[in-house]
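**Q** task: produce atomic coordinates for the following.
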Amino acid sequence: MDLSDILTISGKSGLYKIISKTQNSMIAESLEDGKRFPVFATNRSSTLEDITIFTEKEDIPLKDVLWKMHETEEGKKSSIDHKADDKSLKDYFEKIVPDFDKERVYPSDIKKVIRWYNILLQHNIITKPEEEKKDKKKEDAEQDIKDQKTRQDKTAKTKAKKTEKIKPVKDTTKQAESIPVQKGKSKNIKTKKV
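**A** Alright, predicted model coming up:
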């Protein structure tokens, strides 16, 4: 699943899809009500792709946690409400991520993950990570072929330029005719006055 264009914005509930980007802002659309608005650099926002869950060993990407929830729930909505009590939330999350760090993952974090899961499921955004890896490998291979062809084209153009014959440039400046100068006595030339 590609979560690189799904945002969470500090101070706002729910999830938002990036519609377009400008130099200083983005236009985001709420996945819940479809309303659009600008998101500026001053808004604290992050993509779900960048979010990880703390565990006792190493952090797990959110998309892996969402897929585990999808498998546990058999592709259905979560069996627990995100407004459940803290103990129920922790017990549920322990089934999904048995070694999650209980000191650094708060009930409020679990509530968000459950809510996000339900929103993403509703919009058919949750897909198996391995399928995505295969698709990514295929895309990377296709891009490599395109890049190689581009490099070959550039090399061919460079070689063609080098092999072009340089035409000699004609000298368009006229050379001054040289007048022989005699050495020795100079003759006086008399001029007649009229």
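
**Q** wait, Leu15 sits on Ala28?
**A** No. Counting by C-beta atoms under 8 Å, Leu15 does not reach Ala28; the two are 9.4 Å apart. (Each C-beta comes from the backbone N, C-alpha and C, glycine too.)

**Q** what residues are shared contacts of those two?
**A** Leu7 (C-beta atoms under 8 Å, 6 or more residues apart in numbering).

**Q** helices and strands of this structure: which one bottoms out on pLDDT?
**A** Sorting the helices and strands of the chain by mean pLDDT, DSSP states H and E puts helix 129-163 at the bottom, at a mean of 67.

**Q** and stretch 31-43, which residues are buried?
**A** Residues of stretch 31-43 classed as buried: 31, 39, 43 (neighbour count, 16 or more other C-beta atoms under 10 Å).

**Q** actually, stretch 5-24.
**A** Neighbour count says stretch 5-24 has 5-9, 15-18 buried, by 16+ other C-beta under 10 Å.

**Q** over to stretch 68-79?
**A** 68-70, 73, 78.

**Q** so which of the residues you listed are in helices?
**A** 68-70 (DSSP state H).

**Q** of the residues you listed, closest to Gln143?
**A** Gln143 has its nearest neighbour among those in His70, at 28.8 Å by C-beta to C-beta.

**Q** what residues are up against that closest one?
**A** 117, 121, 126.

**Q** top of the residues you listed by number of neighbours, please.
**A** For the contacts of His70, counting by other C-beta atoms under 10 Å, the largest number of neighbours falls to Tyr117: 23 neighbours.

**Q** my guess is Met1 meets Asp64, correct?
**A** No. In terms of C-beta under 8 Å, Met1 does not count as a neighbour of Asp64; the distance is 9.9 Å.
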